[in-house]
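Student: dropping a prediction and its sequence here:
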Amino acid sequence: MEKIIIYQMFTRLFGNKNTTRKHNGSIQENGVGKFDDIDNATLRRIKKLGCSHVWYTGVIRHGTATDYSAHGIPVNHPSVIKGKAGSPYAIVDYYDVDPDMAVDVANRMEEFESLVERTHKAGMKVIIDFVPNHVAREYNSIAAPEGVEGLGEGDNVDYHFSTSNNFYYCWGQPFEPQFDVAHDSDGNAVPAYTEHPAKATGNDVFSSRPGRNDWYETVKLNYGIDYCDAGGRSEHFFNGDGLPVVNTWRKMVDILLFWAGKGIDAFRCDMAEMVPAAFWAFATRKVKSRFPHIRFIGEVYNPGLYRTYINSGFDYLYDKVGMYDTLRNVMCGYGSAQGITNQWQSVDDIREHMLYFLENHDEQRIASTFFAGSAEKGIPALMVSALLWQNPFMLYAGQEFGEEGMESEGFSGCDGRTTIFDYWCVDSLRKGYYARRQLSAAEKRIEALYSTVLNIAKSEPAIAEGLSFDLMYANPWSETFHADRLYAFLRKKGDDIILVVVNFDDKSLESLVNIPQHAFDYLDIQQGMRVATNLMTGKDVDIMLSADEPAHIVVPPYSGVVLKM
């Protein structure tokens, strides 16, 4: 069984080699990455890093300020676009791909299909986004297969909610956002955007007057929930024959099947918890009946809903509120490493379904001053995330080089995140994949550490599929074990034993690690002196494995030891 390690790539940024980086620059000024930039050599390097899957983020065509009308693509109104490039989560056509990333716009789908084929030939699987909760305010499919009914076609706009509608309407009220929409991002006056009646906004704003911090560029999809019923809320999911009442269900399943037919291996489902679990049970069953290999990854932030969505067909869920938040606090010195144990125990019954990560397009970069201020501080958290259990781990492109995300790109200001709204060049990626000689010594060191840890996770059976034993309960804080900054656990598969001790501190810690008798019994380990290889360095060390005598281990700062016996 291979450990799932996902490489999230914001596709439009990844291959861009244009170093102009003008604030709020156009595609002509700042350039854009292409599907073709992700060539065989690039994919081999991602595979060599230790990855099994690539998540091509932002592939489906979304609203943009760039004019492609010469290619028959409708122009989008600047008032309902975020940034020059637009949000990848404001989709204008579920059956099309972003023309920005095509060398030949007319053949953009063929170019994406070639990328899927290259990725598979490189030995990795392909993930794309599925955005089920909302679409762009100007959704209009021009690429749907013949006979496919568009979202909103036939809606009765005189009803706030109807089981015959795909959208929610603020009947009798025009769209009146509570901020300036009379000028574009450059300050130029633009014709008024009109929408009458206004549609409800994607982040559950059921009024015609969304604010700047709302998802004003999107509209909410109707899955059969009346959010403004006289009783407060009512659900209308199935008719007497057990079939969905609202045809949004069928239309969205058709979209999933369309992309599954393109060779997609998994869907990362945006804001999955904002869509009813009943739909997911219906959709995942339909898709997996035709494409059994397809996996579903859900963005769910409420731990109280984890089991509901797993029971509805999700294979993996973000462990954001639990493990991510805990590791972030430990990295930043706000929390104790002992909290890591509490987090995995809280989801122990569904542990194999939890997706660990330290960065993604929504979160701040570890190296940013808004987070830890140093990529090195993320290495012990990487080791815990990738090596503690069998469940998947995900990293975000640029993380492996210590990308800081500290630039003010345009719509996305300087916030420690890499923009998803602007045309930009992420220089660490440009160097790391297209100009290797320009990488700094620090960037090379971070990359080497990521590669080492991820390949341990990928290649060692004791990590990928073995048993785990958390040693923290046997090692409370003491002068010989700093439990606030150290985290220790064992992994075991067959004859292979691996002891992992990581250090979140900025100085080397000399430690005595207790291994209780229960660990020897549970993992079926014989006690005695062993010769162990530190997989982080390749060096051999002598170590005593005994329930009566603690193991003496020196753990380097912001790193760890992975001792294989």
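Tutor: Arrived safely, thanks for sending. Numbering: from 1, shown residues only.

Student: who touches Leu49 in this structure?
Tutor: Tyr7, Glu400, Glu447, Tyr450, Ser451, Leu454, Asn455 (C-beta atoms under 8 Å, 6 or more residues apart in numbering). Yep, even glycine has a C-beta here, placed from its N, CA and C like the rest.

Student: what ranges do the helices span in this protein?
Tutor: 11-14, 27-30, 40-49, 108-121, 248-260, 277-290, 306-311, 325-331, 338-346, 379-387, 427-434, 441-459, 461-464, 517-523 (DSSP state H).

Student: what's the angle between the third one and helix 108-121?
Tutor: The reference is to helix 40-49. 40 degrees (axes from the mean of the first three to the mean of the last three C-alpha atoms, to 10 degrees).

Student: what about helix 40-49, distance to the chain center?
Tutor: Distance of helix 40-49 from its chain centroid, counting by C-alpha atoms, centre = their mean, to the nearest Å, is 19 Å.

Student: one more: the fifth one?
Tutor: Its chain's C-alpha centre lies 21 Å from the corresponding centre of helix 248-260 when counted by C-alpha atoms, centre = their mean.

Student: same question, the last one
Tutor: Here helix 517-523 is found 36 Å from its chain centre; the criterion is C-alpha atoms, centre = their mean.

Student: just the buried positions in it, please.
Tutor: Ala519, Phe520, Leu523 (16 or more other C-beta atoms under 10 Å).

Student: one step back: in TSV, list the contacts of Leu49 along with neighbour count and distance to Ile225.
Tutor: Shown next, in TSV, are the contacts of Leu49 (neighbours: other C-beta atoms under 10 Å; distance: C-beta to C-beta, whole Å):
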residue	neighbour count	distance to Ile225
Tyr7	24	35
Glu400	27	41
Glu447	21	46
Tyr450	22	42
Ser451	15	46
Leu454	24	41
Asn455	18	45
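
Student: between the residues you listed, which is nearest Asp241?
Tutor: Using C-beta to C-beta, Tyr7 is the member of the contacts of Leu49 that sits closest to Asp241, with 43.6 Å.

Student: does that closest one touch Ala397 like I think?
Tutor: Yes: counting by C-beta atoms under 8 Å, Tyr7 does reach Ala397; the two are 6.6 Å apart.

Student: could you name every residue contacting both of these two?
Tutor: Joint contacts of Tyr7 and Ala397 (C-beta under 8 Å, 6+ apart) do not exist.

Student: re the thing from before, so which of the helices of the chain gets nearest His77?
Tutor: Minimum separation from His77 across the helices of the chain (C-beta to C-beta) falls at helix 27-30, 17.7 Å.

Student: now find how far off-centre the closest one is within its chain.
Tutor: Centroid separation for helix 27-30 versus its chain: 27 Å, with C-alpha atoms, centre = their mean.

Student: report how many residues lie close to Val103.
Tutor: 11 (other C-beta atoms under 10 Å).

Student: pLDDT score for it?
Tutor: As predicted, Val103 sits at a pLDDT of 98.

Student: Glu111 is in contact with that one, correct?
Tutor: Yes: between Val103 and Glu111 a contact is recorded at 6.5 Å, counting by C-beta under 8 Å.

Student: what touches both of these two?
Tutor: Lys34, Phe35, Asp36.

Student: got a list of what the closest residue to Glu447 other than its chain neighbours touches?
Tutor: Excluding the flanking residues, the one nearest Glu447 by C-beta to C-beta, 6 or more residues apart in numbering is Glu400, at 5.1 Å. Glu400 sits next to Leu49, Gly432, Ile446, Glu447, Tyr450, Ser451 when contact means C-beta under 8 Å, 6+ apart.

Student: and what of Thr419?
Tutor: So Thr419 contacts Leu13, Gly83, Glu409, Gly410, Phe411, Ser412 (C-beta under 8 Å, 6+ apart).

Student: I figured the third one hits Asp427, correct?
Tutor: No: counting by C-beta under 8 Å, Glu409 stays clear of Asp427, with 11.9 Å between them.

Student: distance to Pro461 and pLDDT added to the shared contacts of Val103 and Glu111, as TSV?
Tutor: Putting these into TSV (distance: C-beta to C-beta, whole Å; pLDDT from 0 to 100) gives the following:
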residue	distance to Pro461	pLDDT
Lys34	39	98
Phe35	35	98
Asp36	37	98
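
Student: okay if I get the residues you listed as TSV plus neighbour count?
Tutor: Below are these laid out as TSV (neighbours: other C-beta atoms under 10 Å):
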residue	neighbour count
Lys34	20
Phe35	27
Asp36	15
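
Student: which one of the contacts of Thr419 has the most neighbours?
Tutor: Of these, with other C-beta under 10 Å as the count, Glu409 tops at 29 neighbours.

Student: ok, Gly211 - how many residues close by?
Tutor: Other residues close to Gly211 by other C-beta under 10 Å number 11.

Student: where does pLDDT dip in the stretch 51-200 of the chain?
Tutor: Counting by pLDDT under 70, the stretch 51-200 of the chain contains low-confidence residues at 182.

Student: let me fix that: the chain
Tutor: Using pLDDT under 70, the chain drops low at 182, 230.

Student: in it, which residue is most central in space?
Tutor: By C-alpha atoms, centre = their mean, the chain has its centre lying nearest to Asn360, at 5.1 Å.

Student: nearest to Asn140 among the shared contacts of Val103 and Glu111?
Tutor: Ranked by distance to Asn140 (C-beta to C-beta), the shared contacts of Val103 and Glu111 are led by Phe35 at 23.2 Å.

Student: now do the same contact list for the residue lying closest to Gly298 once chain neighbours are set aside.
Tutor: Of all residues not flanking Gly298 in the chain, Ala272 sits nearest, at 3.7 Å (C-beta to C-beta, 6+ apart). Ala272 is in contact with Pro132, Trp280, Gly298, Glu299, Val300, Tyr309, Phe314, Leu317, counting by C-beta under 8 Å, 6+ apart.

Student: the third one reaches Asp319, doesn't it?
Tutor: So that's Gly298. No: using C-beta under 8 Å, Gly298 is not in contact with Asp319, being 11.1 Å away.

Student: surely Gly31 touches Arg12?
Tutor: No: counting by C-beta under 8 Å, Gly31 does not reach Arg12; the two are 10.1 Å apart.

Student: ok, those two, which is more surrounded?
Tutor: With neighbours defined as other C-beta under 10 Å, Gly31 and Arg12 compare such that Arg12 has more, 28 against 20.

Student: isn't that one right next to Met101, touching?
Tutor: Yes: using C-beta under 8 Å, Arg12 is in contact with Met101, at 5.8 Å.
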